[in-house]
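*Asks:* Got a sequence here, can you build the structure:
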Amino acid sequence: MMLTNQKDKFKLPNSVTYLNGAYMSPLLKSIEKIGHEAVSQKCLPYEILAEDFFTGVEKIRRAFANFINVSDYQNTAIIPSVSYGISTVANNVKLNPDDEIIIADGQFPSNVYAWQKLAEKNKATVKIIDPPKSFKNRGKIWNQSILDNITAKTALIAISPAHWADGTLFDLKAIREKTRIYNALLIIDGAQSLGALPFSVKDIDPDAVITVGYKWLLGPYGLGMAYYADRFNDGEPIENNWINRHNSEDFSQLVNYESKYQPKAGRYNMGECSNFNLVPMLTKSIEQLAEWKPENIQNYCEHISKNAIAELRNLGCYIEEDVYRAKHLFGVYLPENINLDKLKSKFAEKNIYVSFRGNAIRVSPNVYNTEEDFEKFVSCFK
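*Replies:* Numbering: from 1, shown residues only. Now for the predicted structure:
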């Protein structure tokens, strides 16, 4: 299936060139409609039944499990943010002094701070793997450096499929194979990948996958999803809420306090995970993405950006080699002869929205973009 442009399904005005999905996605019109209906439902609270606290939760967990190829939806949980999901993992990891946690340089802070605290508490080390200083074979060398640093000291590696700042791809299969040698955990932050980049838990076999809804899952802000492998089935959640306890479906028995948790990752559901506004929105957006398929989104983004990337390279800009970068998110590093401040002014003048992360201009298209958007983008560099 070759995806066609889907801009008519969004409210983005024609005067705006939005190449900034990695910052925050626009909502689909259909998701906006679901959100309005969900908000209105609260006006009639007597229509919200006890079972409604659980039916939506199960539906979204099943949708997410299906989307990332998880055999049992009970290995998934509803979370409010990446930091929450990462902290849940950190709360259930035991380290020895001198153990190492490996992360890539420049990771998003939500996938760093919890590891720093965990390492400090256990006299362990967070080991940051830098990219090479030269752009030549950058992605290849960076990946190899990560693999070379996984040793008997490695307790855990926390990484993303694609780097949040410039889209550099990390070889998760190779990383997983190396971590197995030393029985190290593989924790994946999928915030800038899941929804637009193909991903399968069965293929990678990670120990946890954490993501948010408001970026590539095209959902609302304030809700995310997580996968926790069976090794976390008996872990401790970071909060004690009523709904993640055993038999919480029976409202009449809630005062009979329960020490047991819901099965598997159900224990890690956040409080108020039934969120009657956001859950139906994110469920529907995940279902839409499952219909479009992330591999088709990658192909579409590659198709509309291909000529622009060639032109930018000819102008002296560095963009990671195609085999080592995502197609929905990539960084443009400028040559010395292009002034960044002037470029920013051109973007503002032409209503072009991108992000600036580290030394890169981060460009992140989706199915609402076109080749013409990229032509306008490139014209600012000339």
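
*Asks:* What residue spans form the domains of the protein?
*Replies:* Following automatic domain parsing, one gets these domains for the chain: 7-25+294-379, 45-291.

*Asks:* Endpoint to endpoint, the last one covers what distance?
*Replies:* Distance across domain 45-291, first residue to last, is 33 Å (CA to CA, to the nearest Å).

*Asks:* Then the shortest one?
*Replies:* Domain 7-25+294-379 stretches 22 Å from its first residue to its last (CA to CA).

*Asks:* quick one on the thing from earlier: nearest to Lys33, of the domains of the chain?
*Replies:* domain 45-291 (9.4 Å; CB to CB). Heads up, the C-betas are built off the backbone N, CA and C, glycines and all.

*Asks:* tell me the mean pLDDT over that closest one?
*Replies:* The average pLDDT within domain 45-291 is 97.

*Asks:* and Ile34, which of the domains of the chain is closest to it?
*Replies:* domain 45-291 (5.2 Å).

*Asks:* Who are the contact partners of the residue nearest the centre of the chain?
*Replies:* The centre of the chain sits closest to Ala191, judged by CA atoms, centre = their mean, with a distance of 1.3 Å. Contact analysis of Ala191 by CB atoms under 8 Å, 6 or more residues apart in numbering lists Val82, Phe108, Ser110, Ser160, Trp164, Ile210, Thr211, Val212, Lys215, Trp216, Gly224.

*Asks:* so the fourth one sits right up against Gly190, yeah?
*Replies:* Translated: Ser160. Yes - if you go by CB atoms under 8 Å, Ser160 and Gly190 touch, sitting 7.0 Å apart.

*Asks:* Have a look at this protein and report its longest helix.
*Replies:* Longest helix in the chain, counting residues (DSSP state H): helix 294-314.

*Asks:* residues near Pro161, how many?
*Replies:* A total of 21 residues lie near Pro161 under the criterion other CB atoms under 10 Å.

*Asks:* okay, the domains of the chain in CSV with distance to Val39 next?
*Replies:* Below are those laid out as CSV (distance: least, CB to CB, whole Å):
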stretch, distance to Val39
domain 7-25+294-379, 17
domain 45-291, 6
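
*Asks:* Tell me which of those sits nearest to His36.
*Replies:* Comparing the domains of the chain by CB to CB, domain 45-291 comes nearest, at 9.6 Å.

*Asks:* Would you confirm that Ala165 contacts Ser364?
*Replies:* No - the pair Ala165 / Ser364 is not scored as a contact, 10.8 Å apart, by CB under 8 Å.

*Asks:* Could you check which of the two is surrounded by more residues?
*Replies:* Set Ala165 next to Ser364 and count neighbours by other CB under 10 Å: Ser364 wins out with 27 against 21.

*Asks:* which residues does that one contact?
*Replies:* So Ser364 contacts Leu19, Asn20, Gly21, Ala22, Tyr23, Gly167, His328, Leu329, Phe330, Val354, Ser355 (CB under 8 Å, 6+ apart).

*Asks:* Show me which of these are buried.
*Replies:* Taking 16 or more other CB atoms under 10 Å as the criterion, what is buried in the contacts of Ser364 is Leu19, Asn20, Gly21, Ala22, Gly167, His328, Leu329, Phe330, Val354, Ser355.

*Asks:* Quick one: mark the members of those that sit in strands.
*Replies:* Phe330, Ser355 (DSSP state E).

*Asks:* Tell me where the stretch 101-250 of the chain has strands.
*Replies:* Ranges of strands in the stretch 101-250 of the chain, per DSSP state E, counting those that start in this stretch, are 125-129, 154-159, 185-189, 208-212, 224-228.

*Asks:* ok so, going back, which one of the contacts of Ser364 is nearest Pro198?
*Replies:* For these, the closest approach to Pro198 (CB to CB) belongs to His328, at 10.9 Å.

*Asks:* still on that earlier bit, what residues of the longest helix of the chain count as buried?
*Replies:* Pro294, Asn296, Ile297, Gln298, Tyr300, Cys301, Ile304, Ser305, Ala308, Ile309, Glu311, Leu312.

*Asks:* Next one: the last one from Val363, what distance?
*Replies:* Read it as Leu312. 9 Å (CB to CB, to the nearest Å).

*Asks:* so what's in contact with those two at the same time?
*Replies:* Applying CB under 8 Å, 6+ apart, one finds that Leu312 and Val363 are jointly contacted by Val332.

*Asks:* still on that earlier bit, for the longest helix of the chain, packing partners?
*Replies:* Applying 3 or more CB pairs under 8 Å, 6 or more residues apart in numbering; DSSP states H and E, one finds that helix 294-314 contacts strand 330-332, helix 371-379.

*Asks:* Now do it against helix 371-379, angle only.
*Replies:* Note on geometry: by axes from the mean of the first three to the mean of the last three CA atoms, to 10 degrees, helix 294-314 and helix 371-379 are set 30 degrees apart in direction.

*Asks:* what about stretch 32-52, how long is it end to end?
*Replies:* OK, stretch 32-52 end separation, CA to CA: 21 Å.

*Asks:* Quick check: buried residues in it?
*Replies:* Buried residues in stretch 32-52, counted by 16+ other CB under 10 Å: Ile34, Gly35, Ala38.

*Asks:* just stretch 315-327 next, same as before
*Replies:* Across stretch 315-327, burial judged by 16+ other CB under 10 Å covers Cys317, Tyr318, Ile319, Glu320, Tyr324, Arg325, Ala326, Lys327.

*Asks:* ditto for stretch 160-177
*Replies:* In stretch 160-177, counting by 16+ other CB under 10 Å, buried: 160-172, 175-176.

*Asks:* Pick the one among those residues closest to Tyr261.
*Replies:* Tyr261 lies nearest to Arg176 out of the buried residues of stretch 160-177, by CB to CB, at 27.8 Å.

*Asks:* wait, doesn't that closest one sit right on Ile204?
*Replies:* Yes - judged on CB under 8 Å, Arg176 makes contact with Ile204 at a distance of 5.6 Å.
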